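K.L.:
no FASTA, just this:
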């Protein structure tokens, strides 16, 4: 019986949930370093629109990526400061700017589905699948794709 329980536990993945433009996203917790409120972003001259700037987080330079811009969504409310999810790729630190952070969810791997045909193309390009939750769809963000895709490759 212990073997069955271990097998069931290994088939679960934990996700940090976040909302961007009213859509629920999940980031594999294994990829998340921090969750923080960005302070004092410094703009980067000639950077693409989805690079919100850089900031110093505990002595590290972090590139802040505006996920609304990356997904080609309208700007958020000016009076509401975004949250950030800290991730890393090849030793570089990034902060994905989101509207709000949610809870940590443990979901079964077999419950993850391929992207539905009607999922927005820009979102689908950054997605590693979806979960159908109670009354909403959670898009699993593929962190590598979010950080690797050049903004001009995303369709307008």
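P.N.:
Thanks, I have it. Computed from a predicted model, the values in this text were never measured in an experiment. Numbering: from 1, shown residues only.

K.L.:
helices and strands of the protein: which one bottoms out on pLDDT?
P.N.:
Using mean pLDDT, DSSP states H and E, the weakest-scoring helix or strand in the chain turns out to be helix 2-10, at a mean of 50.

K.L.:
after that helix comes which helix or strand?
P.N.:
strand 12-20 (DSSP states H and E).

K.L.:
adjacent strands (with direction) for that next one?
P.N.:
Its sheet considered, strand 12-20 pairs with strand 23-28 (antiparallel), strand 100-108 (antiparallel) by DSSP bridges.

K.L.:
how about the contacts made by the nearest residue to residue 98 once chain neighbours are set aside?
P.N.:
In space, residue 98 comes closest to residue 18 once its chain neighbours are excluded; the distance is 4.3 Å by C-beta to C-beta, 6 or more residues apart in numbering. (C-beta placed from N, C-alpha, C; glycine too.) Applying C-beta atoms under 8 Å, 6 or more residues apart in numbering, we find residue 18 in contact with 24-27, 83, 85, 96, 98-102.

K.L.:
at 10 Å what do you get?
P.N.:
24-27, 32, 35, 67, 83-85, 96-102, 138, 141 (C-beta atoms under 10 Å, 6 or more residues apart in numbering).

K.L.:
quick revisit: and the strands paired with strand 12-20, which is most packed in?
P.N.:
strand 23-28 (a mean of 22; mean count of other C-beta atoms under 10 Å).

K.L.:
centre of the chain to it, how far?
P.N.:
6 Å (C-alpha atoms, centre = their mean, to the nearest Å).

K.L.:
next SSE after it?
P.N.:
Using DSSP H and E, the first helix or strand after strand 23-28 is strand 32-36.

K.L.:
give me the contact list for that following strand.
P.N.:
14-16, 18, 27, 55, 57-58, 60, 62, 83-88, 93-96, 98, 101, 104, 143.

K.L.:
pull out the buried residues from it.
P.N.:
Buried residues in strand 32-36, defined by neighbour count with 16 or more other C-beta atoms under 10 Å: 32, 36.
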